[in-house]
Each structure stands twice: as structure tokens, then as C-alpha cells.
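Novice: how would this look folded up:
(one chain, ligands or ions: 1)
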Amino acid sequence: MFNKSNINHYKKPYSLGIIGGGQLALMLVEAAKSRNIKVCVQTKSLSDPGSLKADLVIEADPLQLKGNKNLIKECDKIIFENEWVRIDKLKELGSDDLFVPNLEALAPLVDRISQKKFINKLNLPTPKWITTREFKKLTEESRDQWKFPLMAKSFKGGYDGKGNKKITNKKEFDTFLSKTFSEDWLLEEWVDYRNEFALVGSRDNLGKIRLFPIVETFQSNNVCHWVLSPAKTNYEINQFALNIFSSIVNELNYVGVLGIEFFFGNSGLLINEIAPRTHNSGHFSIEACNTSQFDQHICISSGVQPPEIKMNCNGSLMVNLLGLKNHHLSMEERIKKLSNIEGANLHWYGKSKENLGRKMGHITFLLNEINFEKRLYKSKNIIKKINKIWPSPHEY
Ligand code: AIR
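Specialist: Reported below is the predicted structural model:
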């Protein structure tokens, strides 16, 4: 199974089909191209990031079954770039080994409520939570145990802070509850964490796990703004995170790349979210490692043995370029100026519409300093330079 020569035995014109066409699809396509693997992307529009370099585009909403059928007709294996997936519908379209990861493995991770249930089932640490439906059934006394602020999260489709709502008092909460129906939201206790960490890794068809270093992520208004790799952790944190990752992927028999976001504070590591896909916190791997998260996913899904993961520098800084409104420089001018910063590795996603806070691209710098504090200091200086050209959307 794990043989490069198998690529020649594929029966359909394209080795891989990707459902979804955002920036993650674009970077998967780039990784596939560098291995001469042919990819077809199913996405709404020919101008979506995932369409730009794909060998073939099926222009259809990723949730549209007719489009899914056409994609399956053309491709040997189907992978996903996001978790907005209709598992039941896809089950009718192909055998389980067509999809990587398979649909059974994906099912508990595609919405936030089933994810929390799965995390609880494995007894893994995560902030205390309850669904709005369960909350509404509680007695007054039990309700009072949930202190403000609370974090409300929509159970499906939330990302980059979308579908998150901080609730700070009873009045706000009552209005919110009166507007939510069924199991649409989950409520989470507020966590006063010190750091946010993330871990991206892969599991291959033989069950072998490969991990990227744990990174620290820094958010701006609920959206990841920059990522430092590696994070400043210790042996216990690393071992615990590794155990959590292994428990999750082994329990699910998950194949492919997966990312886990953690809070870290007085209660140690708590799982914030699991992403059954490549993850923003792993973009640094394109330049800073010998194999990227996208390369790992492409190799594993197309039956090529993925390389072992090694960093090829002491660290890196990745900064997201988040959409601005009414900035005095045009997007083109900002990109040109950014690419002139020494050491900049600029990734542009080709999105035409610059909505406030939208991920338009990212920029990675390799860091040679041996010590974390020195890398952090250097990173802050680089961020200052970037911010002069492309500020964070909430800081200008
Ligand atoms: N994405 C998926 N889950 C979370 C994120 N950020 C990526 C995917 C998806 C794209 O973001 O690549 O297609 C959507 O970005 P936008 O800017 O079109 O909303």
C-alpha cells in the first residue's frame, strides 16, 4: 500500500479530490503539485483559492451531492479541507475507504457538540460545557452554578471567531436563550488561560503518528493572528499533548493530518477544539520543516510514505494577514511592501474580497535564535514592521 509505484496503478484520472476550496485546499494542491500528484477540487467558484492551481475544478458547492458525485467519478481518493461535511449523504456515495480520513473517523469531529461528547468519553481535559437544550431543563439552583462570563459556541460552522459569543450577564443570557432553539449552541465555562498552544500531527494507514512541534498561538479578536514555533513548553506538557493526540487519533482510527488547539493555565492543558484537517497553526511547517502538514496529508491520502518530521531551523514566526477595511494602502501595495521585508516568505491566497478579519494570506519568517525569549523578542520586532504595512484589523 505504501509504495510510490502505486501511484501508477490508479484507475481514475486524478489521484486526489478535495472537497472545499479555501486556502487550505490551495496549500494542499501546492503540496500535491510538488509530488506530481494530480488533484481535482470541488468548490463554489473558479476564483476560489483552491481553484487557482488545481488540475481540475468541479464548480459546485462542496455540500452539493451532484458535485460530490462528479468528484468521486474523477478521483481515486477524496479528502477534505474543512469539517463542514454532510457525513450521511457522503456515505451513500462511496465505500468507506474512498474517503481519507474515513467518514466514521470524521463523524464525531464535525460539530462542536459531538466533539465535546467524544472528548468526555475519552476522559480528556476540556472546559466544562453544556448544550443550551440541557441548560434550559436545569433547575434555577443548578443554573446558578454557571457563572458569567460564559462562552456560547454555535454547534456547527463556527471558525475564526465566527459562531462564538461571550455572554457577560444575566440579561444578555436570557435574551440569548430566548433566541436559541434545539441543540444549536453549546455553553462553555470561561477559562482564564495563560497561553494557547496547538499541536498538529498525522497518522498514517499503518497507525504511525508523526508530530510537528507544539506551537504557541496569539489571537486578535478570536482570530489567530500569529504563531510561534516551537512553543515554550516542558517535558510534561509535551508528553501530555502527545498522549492526547494519540488517544484521539487511535480511538477514531483516524488517517491523515489533525490539529488540536489547547488552553494552558492553572488547570494544565485543556482541549479547546479538534480540527480534522490541516490547521492554521501548522502553516509554519511549509518553510520551517522538511515536510509540511500539507505534504503529510497529501502523502498519506495518496498512499505515499510520509517523511519523518524535522524542523530545519530553530524556530519560526507565522503571521496571518487578516482583511482590513478602508486602509490607506491598496492590497497590492501592502503585499509588495511585505515581500520586501528581509526573510519574508509570503503566501497569498488570491481571495478577491477583503472582508474585515478574513484570512487573506500569511507570512513566515525563520528564526535562528536558540533561546525562546530571544525568538519572541525578534518576532515582536518583525510584527511591528509588518503592522506598519498591514496592521491587525483591530489595531489601526
Ligand atoms: N478554514 C476551514 N476551517 C477553518 C478555516 N479557517 C479555511 C478553509 C476554508 C476557508 O478557511 O480553507 O475553505 C474559508 O475561508 P473564507 O475566508 O472564505 O471564509
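
Novice: can you verify my assumption that residue 151 contacts residue 192?
Specialist: No: counting by Cβ atoms under 8 Å, residue 151 sits too far from residue 192 to count as a contact (11.9 Å). In short, each C-beta sits where N, CA and C put it, glycine included.

Novice: between those two, which one's more packed in?
Specialist: A count of neighbours by other Cβ atoms under 10 Å puts residue 151 above the other of residue 151 and residue 192, at 16 against 8.

Novice: contact partners for that one?
Specialist: 127, 164, 165, 166, 167, 187, 188, 189, 190 (Cβ atoms under 8 Å, 6 or more residues apart in numbering).

Novice: please redo it, this time with the cut-off set to 10 Å
Specialist: Residues near residue 151 by Cβ atoms under 10 Å, 6 or more residues apart in numbering: 127, 129, 164, 165, 166, 167, 186, 187, 188, 189, 190, 191.

Novice: who are the contact partners of the second one?
Specialist: This means residue 129. By Cβ under 10 Å, 6+ apart, the contact list for residue 129 reads 112-113, 116-117, 119-120, 150-151, 153, 186-189.

Novice: tell me what it is bridged to.
Specialist: Listed by DSSP bridges, the beta-bridge partners for residue 129 are residue 188.

Novice: in the protein, what residue lies closest to the ligand?
Specialist: residue 22 (1.9 Å; Cβ to the nearest ligand atom).

Novice: ok, that residue touching residue 351?
Specialist: Yes: if you go by Cβ atoms under 10 Å, residue 22 and residue 351 touch, sitting 8.6 Å apart.

Novice: need the overlap of contacts for those two.
Specialist: 48, 49, 359.

Novice: mind listing the strands for the stretch 201-350 of the chain?
Specialist: With strands called from DSSP state E, counting those that start in this stretch, the stretch 201-350 of the chain shows them at 209-211, 215-220, 223-229, 256-265, 268-275, 315-322, 345-348.

Novice: if I look at the residue lying closest to residue 160 once chain neighbours are set aside, how far off is residue 191?
Specialist: Leaving aside its sequence neighbours, residue 160 sits nearest to residue 223 (Cβ to Cβ, 6 or more residues apart in numbering; 4.7 Å). Using Cβ to Cβ, to the nearest Å, residue 223 is found at 18 Å from residue 191.

Novice: higher neighbour count, these two?
Specialist: Taking other Cβ under 10 Å, residue 223 and residue 191 do not tie; residue 223 has more neighbours (20 against 16).
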